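K.L.:
return a 3D structure for these sequence lines:
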Amino acid sequence: MKQVIEVKRREGKPSQVVVGDVINSLDNYLPEGKRVIIITDGNVHRRYKEIINRYDYCLIGLGETIKTMTTVNKLYAELLERGADRTTFIVGIGGGIVTDITGFVASTYMRGLRFGFVATTLLAQVDASVGGKNGVNYEGYKNMVGTFNQPDFVLCDLSMLQTLPDREFRAGLAEIIKAGLIADRGLFELFENHPIDAFRNDQSLLNEAITRAIRVKADVVERDERESGERRKLNLGHTFAHAIEKCGNEFLHGEAVAIGTVMIARLSAHLGTATQDEADRVRRVFERMGLPIRTEIDFKRLVKALKHDKKKEADSVSFVLLRGIGDCEIRRFTFDEIDRLPDPAVE
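P.N.:
Just a heads-up that it's a prediction; the model follows:
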């Protein structure tokens, strides 16, 4: 059974996110008569070579360290060598790193090509590939260079998650929990009422969680495609998460989001926008899903990293605070105010 979630765009037809048995019907989503070039990594190519080898393809490396302009420049050169022109359609098949790079390259090569994604990881299916943010890191700062440009489609086939390592699966769940905290109390409560093994083994439960998370993001993106206001709510937990990632490479992105969200929940309780009980519920759910909830990185060091966050404005940065389970608000803090806050990593 397939579910189609449409995300409206400023121009053209809506972007479609399709959840279901879709990998074997990729051709049905490609524009008729257009040349297709796939961008993927070596691991994904080995696993799905029977599908990928039907098209021209470019391979990139693995890991966050390759998400740079160096990789982008190599892809520009390869596309030129292959004769890609403005009628070429680009498909990124992989996790969040592949889709981020693919979206950025497609959006900037020859002033923009049409593109689509096949998301092969849970994190990519519920967050990285949905909503039109495409970017690469610069000098260690996450997604510092990028574009807003939505793909024609995002295909999310749950069968592709069966080989996902447990750690990466748990990291993807962090973004689903985040979506529930933003705007779907019932989604958050799924994680209070089911153990992690249920999400790993019950395809209908996982399908429900993924679909609900995508709907939360799609609804927010439709109201604020370019992140001028409402879309900033999707950054719940990410301001601290990006600082954690900047300060070290101990955690996967979803793990850093889990820690950052627990920190924000504690801060929200301190500021009175959420109750201590709600903050405790957030911590317990992330623990229940086997995710880290704290970091040993000194809070002053995290604040120093915040001062270089791409969302910083002058001498301030926005935090997304909880306003209860399933609701949140955006509040701007100066760095002087942040310096006076209690360390939200300390219980």
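K.L.:
what's the strand or helix carrying Ile330 packed up against?
P.N.:
Taking DSSP states H and E as the criterion, the element that holds Ile330 is strand 328-334. Contacts defined by 3 or more Cβ pairs under 8 Å, 6 or more residues apart in numbering; DSSP states H and E place strand 328-334 against helix 166-183, strand 316-322. The way it works is simple: take the backbone N, C-alpha and C, and place the C-beta from them, glycine included.
K.L.:
mean pLDDT for the ones you listed: which is lowest?
P.N.:
Mean pLDDT is lowest for strand 316-322 among the helices and strands packed on strand 328-334, at a mean of 92.
K.L.:
and stretch 198-206, what's buried?
P.N.:
By neighbour count with 16 or more other Cβ atoms under 10 Å, stretch 198-206 contains the buried residues Phe199, Arg200, Leu206.
K.L.:
is it true that the first one touches Ala209?
P.N.:
Spelled out, that is Phe199. Yes. At 6.5 Å, Phe199 and Ala209 qualify as touching, with contact defined as Cβ atoms under 8 Å.
K.L.:
who touches both of the two?
P.N.:
Jointly contacting Phe199 and Ala209 under the rule Cβ atoms under 8 Å, 6 or more residues apart in numbering are Leu173.
K.L.:
distance from the chain centre to the longest helix anywhere in the chain, please.
P.N.:
Ordering each helix of the chain by length in residues (DSSP state H) puts helix 203-223 first. Here the centre of mass of C-alpha atoms in helix 203-223, compared against the chain's by Cα atoms, centre = their mean, to the nearest Å, lies 13 Å away.
K.L.:
next structured bit after that helix?
P.N.:
Per DSSP H and E, the first helix or strand lying C-terminal to helix 203-223 is helix 238-247.
K.L.:
list the helices and strands whichever helix or strand comes after that next one packs on?
P.N.:
The helix or strand immediately downstream of helix 238-247 is helix 253-271, counting by DSSP H and E. Applying 3+ Cβ pairs under 8 Å, 6+ apart, we find helix 253-271 packed against helix 166-183, helix 238-247, helix 276-288, strand 316-322.
K.L.:
now the second one and helix 253-271, what's the angle there?
P.N.:
In terms of direction (axes from the mean of the first three to the mean of the last three Cα atoms, to 10 degrees), helix 238-247 departs from helix 253-271 by 130 degrees.
K.L.:
now the angle from helix 238-247 to strand 328-334?
P.N.:
Going by the same axes, to 10 degrees, helix 238-247 makes 60 degrees with strand 328-334.
K.L.:
contact partners of helix 238-247?
P.N.:
With contacts defined as Cβ under 8 Å, 6+ apart, helix 238-247 is touched by 140-142, 251, 253, 256-257, 259-261, 263-264, 295, 297, 301-303, 305-306, 308-309, 311, 317-320, 344.
K.L.:
could you flag which of the residues you listed are buried?
P.N.:
The neighbour-count criterion (16+ other Cβ under 10 Å) marks 142, 251, 253, 256-257, 259-261, 263-264, 295, 297, 302-303, 305-306, 309, 317-320, 344 among the contacts of helix 238-247 as buried.
K.L.:
who's in contact with Thr273?
P.N.:
Leu321, Leu322, Arg323, Glu329.
K.L.:
how about those residues, which pair is most distant?
P.N.:
Leu322 and Glu329 (8.3 Å; Cβ to Cβ).
K.L.:
neighbour-wise, which of the two wins?
P.N.:
For Leu322 versus Glu329, the count of surrounding residues by other Cβ atoms under 10 Å is larger for Leu322: 27 against 12.
K.L.:
what's near enough to touch that one?
P.N.:
With Cβ under 8 Å, 6+ apart, Leu322 has these contacts: Leu181, Leu236, Ile264, Ala265, Ser268, Thr273, Ala274, Glu278, Ala279, Val282, Cys328.
K.L.:
tell me the bridge partners for it.
P.N.:
According to DSSP bridges, the partner residues bridging Leu322 are Cys328.
K.L.:
ok, now how distant is it from Gln276?
P.N.:
For Leu322, the distance to Gln276 equals 11 Å [Cβ to Cβ, to the nearest Å].
K.L.:
Asp339 now?
P.N.:
23 Å.
K.L.:
mark which of the contacts of Leu322 are buried, thanks.
P.N.:
Leu181, Leu236, Ile264, Ala265, Ser268, Thr273, Ala274, Glu278, Ala279, Val282, Cys328.
K.L.:
hmm, the last one is touching Asp184, no?
P.N.:
No. Distance between Cys328 and Asp184: 11.6 Å, which falls outside the contact criterion (Cβ under 8 Å).
K.L.:
for stretch 198-214, list the C-alpha coordinates in CSV.
P.N.:
Taking C-alpha atoms only, stretch 198-214 is exported to CSV below (Å, rounded to 0.1, in the frame of the first residue of the first chain):
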residue,chain,number,x,y,z
ALA,A,198,8.1,-2.9,17.9
PHE,A,199,9.2,-0.1,15.5
ARG,A,200,11.9,-2.4,14.1
ASN,A,201,9.6,-5.4,13.5
ASP,A,202,6.1,-4.0,13.0
GLN,A,203,6.0,-2.5,9.5
SER,A,204,2.5,-1.1,10.0
LEU,A,205,3.6,0.7,13.2
LEU,A,206,6.8,2.1,11.5
ASN,A,207,4.7,3.1,8.5
GLU,A,208,2.4,5.1,10.7
ALA,A,209,5.3,6.8,12.6
ILE,A,210,7.1,7.7,9.3
THR,A,211,3.9,9.0,7.6
ARG,A,212,2.9,11.1,10.6
ALA,A,213,6.3,12.6,10.9
ILE,A,214,6.4,13.5,7.2
